[in-house]
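Student: Here's a sequence, model it:
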Amino acid sequence: FGLHFMDEKNGLIVGAYGLAFSTEDGGKTWKSAMGRMENSKGHHLYDIHRDGKDLYLVGEQGALYRSSDGGKQFNEISSPAKGTYFGIVSSQPGQLIAFGLRGSAYKSVDNGNHWSKVDLPSVTLTAGLRTKDGAVVLANEVGQLFKSRDGGKSFQVVTQGQTSPVVSLAEAADGALVLAGVRNLTRLAVQPIITEAKQ
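Tutor: Below is the predicted model of the structure:
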């Protein structure tokens with residue numbers, strides 16, 4: 001479910017039932033990395049995120065892990081909730097937003113040591129990214145987009161034509177958003193209209 005390369009040689013993938021594999025040769029060969037974290041219940045791992053020197057993993061039933069040694073060892077972080085996280089994104093260096101099931105989203109301003117709830121509709125959040133201009137964009141399973149320009153303190157609904165579930169987000173070179181959905185790919189204009197505030 002998640003893929004991240006620290007450099008051109010060293011990478012990590014994670015997935016269902018706690019599976020984790022690492023490569024040191026750019027993906028030519030892979031070896032198990034499951035022993036790098038304590039995941040005895042085999043929770044699914046959905047996302048890998050890098051923030052500065054730290055790597056974060058999020059997953060099923062509130063699974064949260066952090067590595068400060070390039071992914072050699074991951075330590076469990078106390079989770080603010082037991083619901084599944086499908087992703088994690090940085091709003092600023094050291095400031096994180098973990099998001100997932102039923103619209104749950106939590107913000108940390110101290111590298112994941114403490115968390116506070118973010119108010120969003122109770123629809124599962126499936127994708128997120130930080131844009132080049134510093135905004136944070138989250139997408140949910142019914143195709144809605146939410147944008148924050150204050151580091152995740154508040155989010156606004158973004159008007160757009162996508163109505164199918166969004167599974168991944170990317171930013172194009174010109175700043176446009178590219179949405180990968182269940183049915184198609186959608187390109188969203190650089191300056192979407194903000195229609196509704198969510199405090």
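Student: Distance of Glu60 relative to Gly87?
Tutor: 13 Å (Cβ to Cβ, to the nearest Å). All C-beta spots, glycine's among them, are computed from the backbone N, C-alpha and C.
Student: what residues are shared contacts of the two?
Tutor: Common neighbours of Glu60 and Gly87 are listed as Tyr46 (criterion: Cβ atoms under 8 Å, 6 or more residues apart in numbering).
Student: In terms of packing, which of the two has more residues around it?
Tutor: Gly87 (25 against 22; other Cβ atoms under 10 Å).
Student: Contact partners for Phe1?
Tutor: Val14, Gly15, Ala16, His44, Leu45, Tyr46, Asp47.
Student: 7 Å instead?
Tutor: Applying Cβ atoms under 7 Å, 6 or more residues apart in numbering to Phe1 gives the contacts Val14, Gly15, His44, Leu45, Tyr46, Asp47.
Student: so, if you compare these, which one comes nearest to Ala81?
Tutor: Distance to Ala81 across the contacts of Phe1 (Cβ to Cβ) is lowest for Tyr46, with 14.9 Å.
Student: Give the burial count for the nearest residue to Asn184 once chain neighbours are set aside, as a bare number.
Tutor: Among residues not flanking Asn184 along the chain, Ser164 sits closest, at 7.1 Å (Cβ to Cβ, 6 or more residues apart in numbering). Close neighbours of Ser164, defined as other Cβ under 10 Å, add up to 14.
Student: Same question for Ser40.
Tutor: 7.
Student: try the one 10 residues further on
Tutor: Arg50 sits with 15 neighbouring residues when counted by other Cβ under 10 Å.
Student: Which residues outside the host helix or strand of it are in contact with it?
Tutor: In the assignment (DSSP states H and E), Arg50 maps to strand 45-51. Strand 45-51 is contacted from outside by 1-4, 12, 14-15, 18, 20, 55-59, 63, 85-90, 93-94, 96, using Cβ under 7 Å, 6+ apart.
Student: Okay, now the sheet partners of it, with direction.
Tutor: strand 54-59 (antiparallel) (DSSP bridges).
Student: Would you list the strands that the following helix or strand past the partner strand pairs with, along with their directions?
Tutor: Note on strand 54-59: by DSSP H and E, the next helix or strand toward the C-terminus is strand 64-67. Strand 64-67 has the following strand partners under DSSP bridges: strand 54-59 (antiparallel), strand 75-76 (antiparallel).
Student: hmm, who's touching the shortest one?
Tutor: Okay, so that is strand 75-76. Strand 75-76 is contacted by residues Glu38, Leu64, Tyr65, Arg66 when judged by Cβ under 7 Å, 6+ apart.
Student: I'd like to know the beta-bridge partner residues of the closest residue to Phe86 other than its chain neighbours.
Tutor: In space, Phe86 comes closest to Gly100 once its chain neighbours are excluded; the distance is 4.3 Å by Cβ to Cβ, 6+ apart. On the basis of DSSP bridges, Gly100 is bridged to Tyr85.
Student: Can you measure across stretch 113-120, start residue to end residue?
Tutor: Across stretch 113-120, the terminal residues are separated by 22 Å (Cα to Cα, to the nearest Å).
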